[in-house]
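Enquirer: please find the sequence and the predicted model below.
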Amino acid sequence: MIQTGLAFCEVSFIRRALKTSRREDFFAREELAWVTGARQAIHLAGVLAAKKAFLQALGCPEFSRLSEIVVEFLSNGCPTLQVKSSTLKKILRGKKISLSISHTKNIATGLALVYLDRRR
């Protein structure tokens, strides 16, 4: 079975969050350091949308420790997830995750697929 999640995030929300200590509620340190400058809010809107989509696909939309989910990018630009939460790691046992992130200058979207890892 494939579980899907789709989420959106407004770039203006991220711009406001970056000006407060709330940024640490949403993002890990490495995510905040990865991109700086004018494109930071657009990039992080995609990251937050991907995290929310992942939690939706996993069936855990109420999980609030978003900084325990780290979105990373492979050398080819594909997004991946590193999960630090032991609770989420247990739920993910035997499963794989695929992510897609896209954005305009005003809104970002994240799509997540969670499915059985057939190699196990």
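Expert: Now that the structure is in, tell me what you want to look at.
Enquirer: so, low pLDDT: which residues of the protein?
Expert: Per-residue confidence of the chain (counting by pLDDT under 70) places the weak regions at 120.
Enquirer: next up, the contacts around the residue nearest in space to the middle of the chain.
Expert: For the chain, the residue sitting closest to the mean C-alpha position, by CA atoms, centre = their mean, is residue 51 at 2.5 Å. Going by CB atoms under 8 Å, 6 or more residues apart in numbering, residue 51 touches 7, 26, 66, 69, 71, 110. To be clear about C-beta, it is placed using only N, CA and C from the backbone, and glycine gets the same treatment.
Enquirer: same question for residue 109.
Expert: So residue 109 contacts 6, 7, 8, 9, 46, 49, 53, 101, 102, 103 (CB under 8 Å, 6+ apart).
Enquirer: again, 7 Å this time
Expert: Each residue near residue 109 by CB atoms under 7 Å, 6 or more residues apart in numbering is listed here: 8, 49, 102.
Enquirer: element containing the residue nearest to the centre of the chain, please.
Expert: Taking DSSP states H and E as the criterion, the element that holds residue 51 is helix 40-58.
Enquirer: hey, what's the angle from the helix or strand that that helix is followed by to helix 40-58? Just curious.
Expert: Following helix 40-58 in sequence order, the next helix or strand is strand 69-73 (DSSP H and E). Taking axes from the mean of the first three to the mean of the last three CA atoms, to 10 degrees, one finds that strand 69-73 is oriented at 120 degrees with respect to helix 40-58.
Enquirer: any buried residues in strand 69-73, and which?
Expert: Judged by neighbour count using 16 or more other CB atoms under 10 Å, the buried positions of strand 69-73 are 69, 70, 71.
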